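Asks: sequence unavailable; structure follows:
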């Protein structure tokens, strides 16, 4: 049969960043990305929380907030510091006009903040030499997820095509990333495994 393109619909789609980690989402992502067992993830997180000696003027500091939490709350100071870092490192178009705040589920314990770096301005690369390989991996994961949570959305160009053949209707769709936004820093591991859609020719 002849396949006739009846309609082409172009559009744009936004994808928003994920919130910072809770205990369960950290365990899931560390498992998917690094094959860490939940107990191992918590062990490493404990060492990052208790303190790492970074030497020099900084000395020993806890690098992350308390790692047993199901809250998505983040302190205003941390949001501000993250915003300043994003602005300096990636520029204005990567910082939303309003800081992102995430709602915690109503049944969650809100005693502790979400898991985040205690000092967002300390990037993983800066302190890599002071960390073990596993500590670096986990700190990088926590740092990137938190930084991304305060960044602008990713933008996709989308296309949907309706095709007719002998009275039968076929549909094809594709998308192409136009602006990476938060995905410059962090892509959730489930996104990596998704079939990557491409723009239709």
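Replies: Sure, I can see it. Treat the numbers as computed from the prediction; the structure is a model and nothing was measured. Residues are numbered from 1 along each chain as shown.
Asks: give me the residue at the spatial middle of this protein.
Replies: Geometric centre of the chain, nearest residue: residue 145, 3.8 Å, by Cα atoms, centre = their mean.
Asks: any idea which helix or strand carries it?
Replies: helix 133-149 (DSSP states H and E).
Asks: residue 11 too?
Replies: Going by DSSP H and E, residue 11 is in strand 4-15.
Asks: ok, and what's touching that strand?
Replies: 153-165, 169, 175, 178, 181, 183 (Cβ atoms under 8 Å, 6 or more residues apart in numbering). Just so you know, the C-beta spots here come from the backbone N, C-alpha and C atoms, and that holds for glycine as well.
Asks: try it again with 6 Å
Replies: Residues outside strand 4-15 that contact it (Cβ atoms under 6 Å, 6 or more residues apart in numbering) are 153-156, 158-164.
Asks: so of those, which ones are in strands?
Replies: 154-156, 158-164 (DSSP state E).
Asks: if you rank every helix and strand of the chain by mean pLDDT, what lands last?
Replies: helix 189-193 (a mean of 57; mean pLDDT, DSSP states H and E).
Asks: any chance of the backbone angles for residue 58?
Replies: For residue 58, the backbone dihedrals (degrees, to the nearest 10) come out as phi -70, psi -40.
Asks: how near is it to residue 99?
Replies: Distance, residue 58 to residue 99, by Cβ to Cβ, to the nearest Å: 26 Å.
Asks: ditto for residue 59
Replies: The gap separating residue 59 from residue 99 is 30 Å, by Cβ to Cβ.
Asks: for residue 184, same thing?
Replies: Distance from residue 184 to residue 99, by Cβ to Cβ: 18 Å.
Asks: repeat for residue 128
Replies: 28 Å.
Asks: could you do residue 6 as well?
Replies: 45 Å.
Asks: again with residue 5
Replies: 44 Å.
Asks: settle it for me: which of those two has more neighbours?
Replies: Ranked by neighbour count (other Cβ atoms under 10 Å), residue 5 and residue 99 place residue 99 first, with 14 against 11.
Asks: how about the more buried one, secondary structure?
Replies: coil (DSSP: H, G, I helix; E, B strand; the rest coil).
Asks: ok, and the closest non-adjacent residue to it?
Replies: Excluding the flanking residues, the one nearest residue 99 by Cβ to Cβ, 6 or more residues apart in numbering is residue 79, at 4.7 Å.
Asks: what is the burial count for the one you found?
Replies: 18.
Asks: low-confidence stretches in this protein?
Replies: Scanning the chain for pLDDT under 70 picks out 106-110, 189-197.
Asks: contacting residues for residue 38?
Replies: Residue 38 touches residue 27, counting by Cβ under 6 Å, 6+ apart.
Asks: same deal with residue 182?
Replies: Contacts of residue 182 by Cβ under 6 Å, 6+ apart are 17, 148, 151.
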